[in-house]
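1. Need a 3D model of the sequence below.
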Amino acid sequence: MERRLGVNTWVWDSPLMDANLPPLLAKIASLGFEAVELPLENPGDFSAGAARAALAETGLKPFIVGAMAPGRELVRADARTVAATQDYVRACVALAHEVGAPTVCGPFYSHTGRLWRMSAAERSEAYRQLRAGLAPLAAEAAEAGVVIGVEPLNRYETSLINTVEQALEALGPLLGNGVGLALDSYHLNIEQRSSAAAVRAAGPHLVHLQVCGNDRGAPGGDQTDWEGLLQALDEVGYAGPLNIESFTADNAAIAAAASIWRPLAATQDALAADGLALLRSLRARVPVPGNTKEPA
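-> Numbers count the residues shown, from 1 in each chain. As a prediction, this is how the structure comes out:
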């Protein structure tokens, strides 16, 4: 068994729709990837049927990721907003179940870019609200055979959960019961003193890993200690995907949302291909332990 190597369709386009999904997945498969992240920005953007057909044609393993747009909040929000946010996460979980994705990952606590200062007591209360908002979703996800991977973000995108340690504190008893941690090497590079140590702290709760260079471009040729990170993944028995998450500067909406103000490679195809080459070389040198169970 080898960890699957994948890429997010955000590398090329946004939003993912029934019209652009088949050609994007065909391109991703032709580049040699084995997995794909399908972002559901809004329920109904693309159908499970279209996704299943393209996945069957390409053989790619799907993973669903969410997008926490303004107005999506599970903390410090009125009951109607929380309920609407829960419905959005439910739609992501339902889609994952329908297309055979084992995880739904994203910063499922507050909209990306929402920042506020908190005292220790206020942070504790926000974490309590998060657990209350996630608890029914966790139970439903577990029933559907899906794990919700909650992602820490860097300090410029959230003030709530920036580190693995904060995520462990915030999620507490939900971990292992339909909820895990989704980590991103970009955010780890900003917030953790050691990305490898952060992976070790996440341990068995790590269910998904996104990778990119420290500049948000292709992994490889950057400042990240990739071999150290892969070694830590082996130590905790992580057998999930290594999925490249980067973005195109050619799409105005996605460029603004991800602060992509300049091209990160000569072409987006080159970004994906170069990143895949690095991940293949790492995978060839750092074997996954034989007793590790791969996600379904």
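2. thinking in terms of the whole chain, how far from its middle is stretch 14-34?
-> Stretch 14-34 has its C-alpha centroid displaced from the chain centroid by 17 Å (Cα atoms, centre = their mean, to the nearest Å).
3. Now that stretch: buried residues?
-> Of the residues in stretch 14-34, 14-16, 21, 24-25, 27-29, 33-34 count as buried by neighbour count, 16 or more other Cβ atoms under 10 Å. Where you see a C-beta, it was placed from the backbone N, CA and C, and this is true even at glycine.
4. In what element of secondary structure is the nearest residue to residue 137 once chain neighbours are set aside found?
-> Nearest residue to residue 137, sequence neighbours excluded (Cβ to Cβ, 6 or more residues apart in numbering): residue 89, at 5.2 Å. Using DSSP states H and E, residue 89 falls within helix 79-99.
5. Same check on residue 231?
-> With DSSP H and E as criterion, residue 231 is part of helix 226-236.
6. For the helix holding residue 89, name the packing helices and strands.
-> The contact analysis (3 or more Cβ pairs under 8 Å, 6 or more residues apart in numbering; DSSP states H and E) places helix 79-99 against strand 35-40, helix 48-58, strand 61-66, strand 103-106, helix 120-144.
7. What are the contacting residues of the last one?
-> Same thing as helix 120-144. 74-76, 82, 85-86, 89-90, 93-94, 96-97, 104, 108-109, 118, 147-148, 150, 160, 169-174, 177-179 (Cβ atoms under 8 Å, 6 or more residues apart in numbering).
8. Repeat the analysis, applying 6 Å as the threshold.
-> Contact with helix 120-144 is made by 74-75, 82, 86, 89, 93, 97, 109, 148, 170, 174, 177-179, as judged by Cβ atoms under 6 Å, 6 or more residues apart in numbering.
9. Deepest in the core, which of the helices and strands packed on helix 79-99 is it.
-> strand 103-106 (a mean of 27; mean count of other Cβ atoms under 10 Å).
10. That strand pairs with which strands, parallel or anti?
-> strand 61-66 (parallel), strand 147-150 (parallel) (DSSP bridges).
11. residue closest to the middle of this protein?
-> With distances taken as Cα atoms, centre = their mean, the chain has residue 105 as the residue nearest its mean C-alpha position (4.5 Å).
12. hey, what's that one bridged with?
-> Counting by DSSP bridges, the residues bridging with residue 105 are residue 65, residue 149.
13. isn't it right up against residue 182?
-> Yes. Applying Cβ atoms under 6 Å as the test, residue 105 and residue 182 come out as touching, 3.7 Å apart.
14. which neighbours do those two share?
-> Counting by Cβ under 6 Å, 6+ apart, the residues touching both residue 105 and residue 182 are 149, 151, 208.
15. right, and the helix or strand after the lowest-mean-pLDDT helix or strand in the chain?
-> Ranked by mean pLDDT, DSSP states H and E, the weakest helix or strand in the chain is helix 252-258, scoring a mean of 86. Scanning forward in sequence from helix 252-258 by DSSP H and E, the next helix or strand is helix 268-285.
16. Could you tell me the angle between that following helix and helix 226-236?
-> Helix 268-285 and helix 226-236 are oriented at 60 degrees to each other (axes from the mean of the first three to the mean of the last three Cα atoms, to 10 degrees).
17. which residues touch helix 268-285?
-> 2, 5, 7, 11-12, 31-32, 217-220, 226, 230, 242, 244, 246, 248, 265.
18. Okay, and which of these map to helices?
-> Secondary structure from DSSP state H places 31, 226, 230 of the contacts of helix 268-285 in helices.
19. Now tabulate those residues in a markdown table and tack on distance to residue 125.
-> A markdown table is the format used below for the ones in helices among the contacts of helix 268-285 (distance: Cβ to Cβ, whole Å):
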| residue | distance to residue 125 |
| --- | --- |
| 31 | 46 |
| 226 | 38 |
| 230 | 38 |
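20. Nothing else from me, thank you.
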